[in-house]
Structure formats: C-alpha cells, structure tokens
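> What would the 3D arrangement of this be:
(2 chains)
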Amino acid sequence: MQSSFSYRNYFPSFLIAAFLSISLVIFLPSCNRGGQNAGNAITVGVVLPITGREGKPGQYQKEGIELAIKQINDAGGIMVKDKNKKLPVKEVFYDDGSDQAKSASLVERAMSSDNATAVLGGYSTALGEAESVMADRYQTPWITTGAAASTIFSHGYQYTFGTLSPTTLLGSTTADFLGSLVDQGKLKKGLKLALALENTDHGIDYGNGIKQWIQQHPGYFTVVFSENFELGSPDFSGLLQKVKAAKADIFLADAHLQDYITMQRQYLQSGMYHQMLSYGARGPESDARKALGDGTDYIFAGIWWSKKLPYPQVKKFVQDYTQFTGHDPDSWYPATAYDAVRALAQAIEAAGTTNKTAIRDALRNVELKDSLLPGGTMKFGSNGQVANAFVIVQNKPEDKVDIVYPKDAATGEAIAPTPRKK
Amino acid sequence: MKRLIASFQPLFAAGILLVVLLLPILGLTPNVIRILFITFVWITASLAWNLLGGVAGQVSFGFAVFYGLGAYAAALMINAGVNPALSFVGSAAVAALASFLIGIPTFRLRGPYFAIATIGVSEAVRVVMNNISAVGGAGGLRVTERGIFHQTEHYYSGLAIAVLAVCVSLLIERSKFGLALRAIRQDEDAAADIGINPFRCKLWIHAIAAALTGVAGGVFADYAAYIHPQGVFAFSTSVTILLMPVIGGIGTIWGAVLGAAVVTIVEEQLVAVFPQVHLLLYGLLLMLIVLLEPDGLVGLLRRMLRRMHVDPSSRGPDEALWGRGRLEGREL
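Numbering: from 1, shown residues only, chains lettered A, B, ... in the order given. You can find the predicted model right below:
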C-alpha cells in the first residue's frame, strides 16, 4: 500500500486528465455553434482545408468567402421578407485538414448540428465528392467552390450546386486554345501531345475534354502518350522519363498545386523541352513562381477566373480583397468562393425566407449579373453546376501573367512556341 | 474493494449498454449521434487491432487494408441490391480471406520485419485499388442510398458491431486460444516448445481481427455513401486504428474501447472548437499520453484504483476489468 503523496506520480496523470476534461467540458456547448443564433442570423457552414496538402488553395477560398460575408454584413445583412428585416450572415468554419472522410463528417455536422442554412466548401474534387452526399440527405443547399468534376453533378442530387465550370470544358478549352495557335501559324498542324493526368475524376474529365476536341477537329493534334499519376506523389521522374521517350511536341498535365510544383521541378531537372507546356488549371500560383523562379515562365493554364479580367467588378474585388487580406488574389481560388456567397445571398433574398428548400429553388433561378467569372454573369445549370467559359493565362518573365485566350479578354499575346532556354 | 468492483462489473457494462441503446430515443442531436456512430466504428476496429497487436503481440500497420476491403465489399454488395446487414457479413468474409493471403507470407517474419511488411502490403493494396476502374478507381465509389436516410439505423448497426467486438474479445481473452496468444506474445519459441502452433494461432487471430475490421469498414461505407481509396486505404487509417488501443491501454479490452472513444470525441471537438490549431493540440495530447502514461488511459485509471487501496499485484476482478496493460516487459 502506498500512502506517501508524490507530485512526481500525480503530475502526468493530472496533465492528461486536465486536457481530457477540458475537451469533454467543451463537448456539449460546442455541439451546436450555429443554432443559438437561429432567427437572428443566417448561419452558413464553411468546410474547407486550411491545413494539409490543399491548405493553401483552401485558405484563399476561405478568404474569398469571408470577404463576401463581411461586405454583406457591412451593408446590414440579407433582407429576409418573412422576418421583415435584414439578417446578418454568421459563418461557422471547419477545417477538414484535406481529409476526405473528415470533410464529409464536418459538412454533416454543419448541416445537422449547426443547422446551417447552407454549406459552402469542397475543395478539391475528392473532398467535394465525399461532401456532396450530405446535401440531399439533410436537404440543405451545398455549394462547392472548388470541385468541378462532372461526377459530383451527375447523380441527380437536388441540393448540390457548384461555382466551377466542368473540367471537361477546361480540357476542350485548352485544346481550343492550342488549335487557335495552329490557326495563327504559331504552331504547326499535326503536333504530338503527351498527357499526364492525375488519377482522379478531375484528371479523367480533363483528358476526355482534350480527346473529344481532337476527335472533333481531325488533323490538328495526335495523342502519343497518356498516363495517369497518383495524387500527391513525391516523385514523378519515372513518368517524366516516359514523357521524354514519347518525343511529343506538347506536354499537357493535369495536376494540383503541390504536384505541379514537384513535377515542374523534375521536368526542369530532366532538361526536357516542349513547344507548349501546361498543368491544367495550375500555372500562375505565386507559390510555384516563388519556388521555381523563371522555371515557370511560358507555362499556360486554363483557369476559372483571372484578376486580369477587364470587368469593373473584378477591379473592385481585387482592391477589396487586397485590402482585406493584405495580399493579391492568387490565381482563381478566392473568386469562385466569393461569388458562391453572393449567389447564396441573392437566393435567400429572392426566397424571402430561410427555408432551405425555398433557398434551393431560388438558387436554381439565381442570375448573378455582376459575377466575377468570365462572361460577367453566373447561373447554375439544371444539374447545379455553372458553365462559364475558361480563360487561358500564360506566365511571362518577371512574374507577369497575361490572359491570352479568348481573344476578346486577352491582355497580351500568347507566346508560342515556348522560347528555348539559352 | 476488489469484490465490490467485481460485483459491479456486469452491472456497469449493462448500464453503459442500456444508456447507449436509449440515447437516440432521448432526443440527442444528429451531430452527437453521428459522433457516437463513428466512435462505435472505431471501437470495433480498435478492439480488432488489439486482438492481434495487444493480445498476440503482432504489431500491424496494415489494418486499413481490411477496413478498406470491408468498405468496398459492402459498397459493391449494397449497390448490387444486397441487404446491408448481409453485405456486412460479406465484408467480414472478404477481409478474413485477405488476412490469410497477407498473413501466410508475412507471419514468417517477426517483430519490426512483420510491421514493415504490413506497411508495404497496405500501400500496395491502396495503389492497386486506385487503379481498378471497375470499382471506381481513384475516383472512388458511391454507395446507392435506397429510401430516406435514417441515422438511428446506422447508429444501432454501429452499436451492434461494437458489442460484437467486445464479446469476441472477451471470449478470446477467456479461452485457451487467448492463453496461447498471450504465450506467443511473451515468447514465441517457448510457446512452440509447449505445443502451441504460433503460425496457425497468428493466422486465425489475424483473420478474426480482419473480419471485425472489415465489418467496421462496411458499416462506415453504408453510412458515408461514398468511399475513396485515399481515404479508407490510407496509411493514416492504419495509424488511427493502431493509435486507439495504444492511447487507451494496449492489450486490454477496455483500453481499446476507451482509447477509441477518447480519440474520436477529442479529435472531433478539437477540430470544431480550435479549427486553426486542432492538429497541434491533438499532437500534444498524444505526446502527453505516450510519454507520461505508457500504459494508456487504463493505466491512469489503474493507478487511481491503486490509490483507492486496491491490490494490483494479483490477477483479480480489477484486472479482468482493466486488463494487465503493458506487454509485460516486451517492447513492441
């Protein structure tokens, strides 16, 4: 029997017990972070990765959402007719850590426990796929701001919406752009393409978009190599060796930000050269340009939005965003998130109620006439996904980025073929 | 005191079971039901791992294989119109079959070599599943939902498999087979000398553990309605399954249960309350437990019982409740 009291014996147990007690004490109050404001605010759940491999884009999307919410609240909130007053928007944010199971679970939490009027999030495709299940289950509108794969919108879900145009359109726009360079005489007809696609629905859709365009436009290009790679792979040298062996003229990859940086670094180390080079929707990101310097020059990308778009609302957004976050918008990430909040606000106002089904119905008819996206108008299609055009941007020396396609939005000439390094 | 604890044991277990059975009727929020459902799934997987890693002393980093195969088997069967309950049996069968295929070569290895082999197998299966387009490939697999979603049905499915895992663990622990496994954990060669066939015993406990983990995966797939190789077959899934009994108290039934419950609830709450620093806090908690309380949370409770003058030296009812804990001098 031990009777003497020893701090040494008790201290570890005390620390652990204290930690667990604090966690459990917060268990009940934190189970519902939105419900206590029911009636006085519109709770919007936001589930995005701000840690893990998708942390950077997720953070940019979060900033876009928070800017829109701030602007709405600064203007007094959203007018809800059946309450006869303006209600502020209350954000309930969860970080899914780029983990698919966690992201679905957190969306469920926001929809069920926080009683969110709508949930925004779902960056990227893999996380969006998992989250999309919950919308119809809890009959709560869910707007993905960062998932574009067609599979998400092909299940007949009624509460699922997305502000990214389909990835197949990204593939066909990329091919269309290359075709226009052939028509201009900058590239020759019959060039050989090598495709490296991430092994996801996103990659499959991108490849399909390119292949469909080639089938519809015979003689322009032939695909001599097409292979998938694993998302988040630490090494692409084997794949790049195969690309080199294929002796293609143009190399098109579809990759996420981290994979783009890793692959391009290894591409440069291998000393390869292609007349045109693209990583799908990635290219102008400042992280990549900082990491690889002039190694990213002349890479082109098809993106959902560019800060160079010549619309007054885009100029204002860039100014507001920079003031709000202290940095420029990086690539397209914050814009689709910002517009998602504005579309939701418009739908709530049109519905005149916070009833989720009424908001869902209103979202189907929303037409955001001062949208930031290419075309300047945003409208959800019958499957819930928007179909705005893509813009093709090209990195230029000294950290410059120009819109090079379509012609009516271009801020600079496409440089093709890519100049060889001296 | 010892007798008092012994007499309260069945009552205590029955009380907990009654409470969890009645919880959904008491009007809990869907979020709490969801957290409890996930807890039950992890309790099942944690107890399964504990049978192999804790009781038999074979540390595997590859349980995501069984979890994932169980999830995919159930998903495919549900999509083919099979009743979900039957599909969970299918999950168990597929996972058990896989355990033999994996166990026959890997149980020829011992200690860290076995552990490394399980990591290799797990990663290989994940990559293969990523590339089988018939089951959705890297795009994942959606589980057809028939009719309206009833959360409480899933809750009771989760509870049923957790109870099943506890019963299986208790039966094994109190059987000759369990004694043989403990002998293998202590000294495999000595166990062989007294007539135990270590290879066969390890294969069977591996299959039982795999079957339970497969069922857990199947029940999860039915709830999630969408599974993905990078999720269910992820190395992090294997680590989570292993971590729960380690935190709760390796080699003990209630340690595995407590570990799963604490890990799930604490992680959920940290994500919700501290979204910016949840990983830091979670890591800190794990470090605290592993460094300061190597016998896990059950070790902590056992020390508290000691302070209450319960004699810990003899194997008695208190030990049956909390288990012996540490692997009796053998490092993992």
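> any idea how far residue B:15 is from residue A:45?
Going from residue A:45 to residue B:15 by C-beta to C-beta, to the nearest Å gives 36 Å. Every residue, glycine included, has its C-beta placed from N, CA and C.
> So for the two, which residue has more residues nearby?
Taking neighbours as other C-beta atoms under 10 Å in any protein chain shown, residue A:45 and residue B:15 compare with residue A:45 leading, 28 against 11.
> Let's verify the residue nearest the centre of chain A: helix, strand, or coil?
Geometric centre of chain A, nearest residue: residue A:146, 2.8 Å, by C-alpha atoms, centre = their mean. Following DSSP: H, G, I helix; E, B strand; the rest coil, residue A:146 is assigned to coil.
> Would you confirm that it contacts residue A:333?
Yes. When contacts are counted by C-beta atoms under 8 Å, residue A:146 is listed as touching residue A:333 (7.2 Å).
> Identify the contacts common to these two.
Counting by C-beta atoms under 8 Å, 6 or more residues apart in numbering or on different chains, the common neighbours of residue A:146 and residue A:333 are A:57, A:61, A:123.
> Of these, which belong to helices?
Judged by DSSP state H, helices contain the following of the shared contacts of residue A:146 and residue A:333: A:57, A:61.
> Looking at neighbours, which among the shared contacts of residue A:146 and residue A:333 is most surrounded?
Tallying neighbours with other C-beta under 10 Å puts residue A:123 at the head of the shared contacts of residue A:146 and residue A:333, with 31 neighbours.
> Tell me, what's the model's pLDDT at the residue nearest to residue B:28 when sequence neighbours are not counted?
If the residues on either side of it in the chain are set aside, residue B:28 comes closest to residue B:36, at 7.9 Å by C-beta to C-beta, 6 or more residues apart in numbering or on different chains. As predicted, residue B:36 sits at a pLDDT of 93.
> go on, residue B:143?
Confidence score, pLDDT, at residue B:143: 93.
> so residue A:186 makes contact with residue A:416?
Yes. Between residue A:186 and residue A:416 there is a contact under C-beta under 8 Å: 4.2 Å.
> got the contact list for stretch B:107-116?
Contacts of stretch B:107-116 (C-beta under 8 Å, 6+ apart): B:58, B:59, B:60, B:61, B:106, B:117, B:188, B:199, B:202, B:203, B:206.
> how near is the first one to residue B:97?
Summarising the geometry, the distance separating residue B:58 from residue B:97, computed by C-beta to C-beta, is 19 Å.
> And the closest residue to residue A:284 other than its chain neighbours, its phi and psi?
Nearest non-adjacent residue to residue A:284, counting by C-beta to C-beta, 6+ apart: residue A:401, 4.5 Å away. Main-chain torsions, residue A:401, degrees, to the nearest 10: phi -130, psi 130.
> Spit out the contact partners of residue A:401.
Contacts of residue A:401 (C-beta under 8 Å, 6+ apart): A:284, A:306, A:308, A:393, A:394, A:395.
> pLDDT on stretch B:203-218, on average?
Averaged across stretch B:203-218, pLDDT comes to 98.
> And for stretch B:75-87?
The average pLDDT within stretch B:75-87 is 96.
> swap in stretch A:170-179?
When pLDDT is averaged over stretch A:170-179, the result is 97.
> same question, stretch A:201-209
In the prediction, stretch A:201-209 has an average pLDDT of 93.
> For the stretch 201-332 of chain B, what lies in contact range of chain A?
Residues of the stretch 201-332 of chain B lying close to chain A by C-beta under 8 Å from any C-beta of the partner chain are B:224-226, B:228, B:230-232, B:236, B:262, B:265-266, B:268-273, B:275-276, B:278-279, B:284-285, B:288-289, B:292-293, B:297, B:300, B:303-304, B:306-307, B:309.
> And the helices in chain A?
A:7-25, A:27-30, A:55-74, A:100-112, A:125-137, A:167-183, A:201-216, A:237-245, A:257-270, A:286-292, A:312-325, A:333-351, A:356-365.
> so which of those gets nearest residue B:169?
helix A:7-25 (23.5 Å; C-beta to C-beta).
> residue ranges for the strands of chain B, please.
In chain B, the segments counted as strands under DSSP state E are B:141-142, B:226-227.
> Could you dump the ones you listed into TSV and include mean neighbour count and distance to residue A:230?
Listed next are the strands of chain B as TSV, based on neighbours: other C-beta atoms under 10 Å in any protein chain shown; distance: least, C-beta to C-beta, whole Å:
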stretch	mean neighbour count	distance to residue A:230
strand B:141-142	21	17
strand B:226-227	26	17
